[in-house]
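Undergrad: dropping a prediction and its sequence here:
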Amino acid sequence: MFNWFRRHKDNKENNPVTSTPIETPSIIEEKKTEEITATTDQASLEWAKAAFANIQKQKQQSQGTEEEKRTETISESVIENEIESTPVETATISSETVTEVKEIENIEKNVPAWLQKSDRLEVLKETAIEPEKEFDEDFLWSAQILASQGRLPDDVSEDEFIWLKKLRQSLGKTRRNLINQLKSVVGQGPLNQEAVMEIEAMLLSADVGVEATDYTINTLQNKLKEEALPPEEAIAYLKEILQQVLDEPLKKLIKTEFEPVEGKLNIWLLTGVNGAGKTTTIGKLAHLAQTSGYKCVIAAADTFRAAAVEQVKVWGERANTPVICNQGQNTDPAAVVFDGINAAMAREANLLLVDTAGRLQNKKNLMEELAKIRRIIDKKAENAHIESLLVLDATLGQNGLRQAQVFSEAAQLTGVVLTKLDGTAKGGVALAICQQLNLPIRFIGAGEGIEDLRPFSSYEFVEALLSA
């Protein structure tokens with residue numbers, strides 16, 4: 001079972017230092033640029049081939065297991081039918097079958113060898129690997145991203161390639177605009193005023209925000225004053241700056257990985273305005289937790305929004321996760337949370353996802369409601385590990401940032417879930433949230449499917465945003 005919450009952590013534990021799948025210019029400084037590029041491209045291609053072969057092997061094993069199950073089922077039904085049939089009928093069928101088999105064998109003996117059907121050839125055709133047809137640009141890029149993080153070809157899953165492709169495509173429009181403009185203004189020494197204004201406008205148009213934009217430009221300018229960098233190296237340094245901005249909120253935390261804590265009940269409170277995708281996100285998180293090996297329960301505590309409970313129940317069925325709710329309208333959300341804690345403990349669940357209300361028009365009531373929920377949790381599950389996550393629509397840009405500011409004051413937020421990156425979102429709001437609110441991005445969504453929500457990786461996000 002592939003655990004999305006631990007994929008980077010497990011990799012660090014299993015391959016702490018030794019894995020260096022792709023040689024980079026920093027490692028081989030003595031080689032010429034052309035030789036380095038050729039070596040890197042070849043290493044990337046070999047890694048991609050090995051990963052592709054491993055994925056094909058995983059598919060074949062999965063198909064083989066399913067085929068064995070179907071064969072066992074068919075065999076059982078045949079045996080049952082034979083037991084029910086009379087001995088005379090069985091003997092007749094058996095003799096006819098033997099006669100037919102002998103006739104087929106006699107015919108095959110008279111057919112030239114080159115005309116005879118080869119089962120081995122059919123097997124080879126089915127299992128043949130044709131990398132040239134499969135290795136599109138997105139696959140090769142995904143392979144390079146995984147390899148550069150120290151992943152081994154036999155340690156990756158097809159789901160990771162599917163997700164990285166979706167993430168890159170979601171940020172495609174923003175990436176193309178940024179790359180084209182950056183190459184035209186960097187690589188010629190220190191930035192002049194015109195270049196600074198152009199980069200500033202470019203970052204602001206991508207929803208990066210004023211503070212994050214100023215920090216990025218100043219840091220980049222200081223570096224370019226020290227040494228003249230060609231466009232590719234200047235963009236590589238810009239990637240480092242953006243990743244530092246995204247990782248800054250993690251420095252205040254003892255544990256940077258975000259996963260359910262072992263040995264205790266984890267309670268994640270999710271809040272956000274109507275339309276941000278809060279309920280959908282809860283369903284996707286439940287599916288992600290279940291498929292990663294964690295027992296999960298959902299508490300439908302947004303009792304004021306019309307049809308909210310019914311929507312949560314639908315997502316609970318899709319994620320194969322029990323939903324605790326109260327069928328009455330305008331019931332006490334804290335009572336639902338109380339029942340949810342009892343249900344989670346009775347089921348020995350690892351994670352309780354709580355759908356809370358998000359009413360910005362009355363911040364006082366929201367704060368009182370969340371405070372009451374916290375009191376219930378402290379009383380009923382005093383040893384529980386609590387996280388408070390804001391679900392934010394990435395298409396809102398700076399308006400989303402203002403929402404995050406209000407909720408951070410009311411809900412004691414510990415992280416953000418960024419949704420709807422597959423729409424018109426430009427992605428830069430992630431940097432604004434980290435820079436101005438000092439909140440880490442915990443999950444990111446790029447699609448409407450149940451598989452389209454994954455743990456956030458600053459490295460993968462920046463590469464998808466700025467890789468040519």
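TA: Arrived safely. Keep in mind it's a predicted model, so treat the numbers as computed, not measured.
Undergrad: got phi/psi on the residue nearest to residue 370 when sequence neighbours are not counted?
TA: Setting aside the residues directly before and after it, residue 370 is nearest to residue 411 in space (Cβ to Cβ, 6 or more residues apart in numbering), at 5.5 Å. Glycine gets a C-beta too; all of them are placed from N, C-alpha and C. Torsion angles at residue 411 (phi, psi; degrees, to the nearest 10) stand at phi -110, psi 10.
Undergrad: low-confidence stretches in the stretch 1-150 of the chain?
TA: For the stretch 1-150 of the chain, the stretches flagged by pLDDT under 70 are 1, 8-40, 64-134.
Undergrad: cool, the stretch 251-400 of the chain as well?
TA: The stretch 251-400 of the chain contains residues with pLDDT under 70 at 328-330, 358-363.
Undergrad: hmm, 50 instead?
TA: For the stretch 251-400 of the chain, applying pLDDT under 50 flags no range at all.
Undergrad: how about the helices in it?
TA: For the stretch 251-400 of the chain, the helices defined by DSSP state H, counting those that start in this stretch occupy 278-291, 308-318, 333-346, 363-380, 398-411.
Undergrad: my guess is residue 309 contacts residue 299. True?
TA: No: with contacts counted by Cβ atoms under 8 Å, residue 309 stays clear of residue 299, the gap being 10.5 Å.
Undergrad: could you check how far residue 294 is from residue 4?
TA: Going from residue 294 to residue 4 by Cβ to Cβ, to the nearest Å gives 10 Å.
Undergrad: and residue 164, how close does it get to residue 443?
TA: From residue 164 across to residue 443, the span is 15 Å (Cβ to Cβ).
Undergrad: longest strand in the chain, by residue count?
TA: Longest strand of the chain, by residue count under DSSP state E: strand 385-393.
Undergrad: can you tell me the strand partners of it and which way each runs?
TA: Here strand 385-393 has these sheet partners by DSSP bridges: strand 266-271 (parallel), strand 415-419 (parallel).
Undergrad: show me which positions of stretch 324-337 end up buried.
TA: By 16 or more other Cβ atoms under 10 Å, the buried positions in stretch 324-337 come out as 324, 325, 326, 332, 333, 334, 336, 337.
Undergrad: what's around the closest residue to the fourth one other than its chain neighbours, how many residues?
TA: Using Cβ to Cβ, 6+ apart and skipping the chain neighbours, the partner closest in space to residue 332 is residue 303 (7.5 Å). Using other Cβ atoms under 10 Å, residue 303 has 22 other residues around it.
Undergrad: residue 303 touches residue 337, doesn't it?
TA: No: assessed by Cβ under 8 Å, residue 303 is found out of contact with residue 337, at 10.6 Å.
Undergrad: about what we covered before: quickly compare the strands paired with strand 385-393 and say which is most buried.
TA: Neighbour counts (mean count of other Cβ atoms under 10 Å) averaged over each of the strands paired with strand 385-393 peak at strand 415-419, with a mean of 26.
Undergrad: quick one: it to chain centroid distance?
TA: 12 Å (Cα atoms, centre = their mean, to the nearest Å).
Undergrad: show me where the chain has its strands.
TA: Counting by DSSP E, the strands of the chain are 266-271, 296-300, 323-324, 351-355, 385-393, 415-419, 441-445, 453-455.
Undergrad: the shortest one pairs with which strands, parallel or anti?
TA: Same thing as strand 323-324. Here strand 323-324 has these sheet partners by DSSP bridges: strand 296-300 (parallel).
Undergrad: which one among the buried residues of stretch 324-337 gets closest to residue 280?
TA: Set against residue 280, the nearest of the buried residues of stretch 324-337 by Cβ to Cβ is residue 325 (16.6 Å).
Undergrad: for the closest one, give me its contacts.
TA: Each residue near residue 325 by Cβ atoms under 8 Å, 6 or more residues apart in numbering is listed here: 299, 300, 309, 312, 313, 336.
Undergrad: rewinding a little: tabulate the strands paired with strand 385-393 (CSV), appending distance to residue 240.
TA: Converted to CSV, the strands paired with strand 385-393 look like this (distance: least, Cβ to Cβ, whole Å):
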stretch, distance to residue 240
strand 266-271, 31
strand 415-419, 21
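Undergrad: who wins for proximity to residue 396 among the ones you listed?
TA: Of all those, it is strand 415-419 that lies closest to residue 396, at 10.2 Å by Cβ to Cβ.
Undergrad: quick one: contacts for the closest residue in space to residue 173 that isn't next to it in sequence?
TA: Counting by Cβ to Cβ, 6+ apart, residue 173 lies nearest to residue 426, which is 7.9 Å off, once chain neighbours are set aside. Going by Cβ under 8 Å, 6+ apart, residue 426 touches 173, 174, 205, 206, 207, 394, 397.
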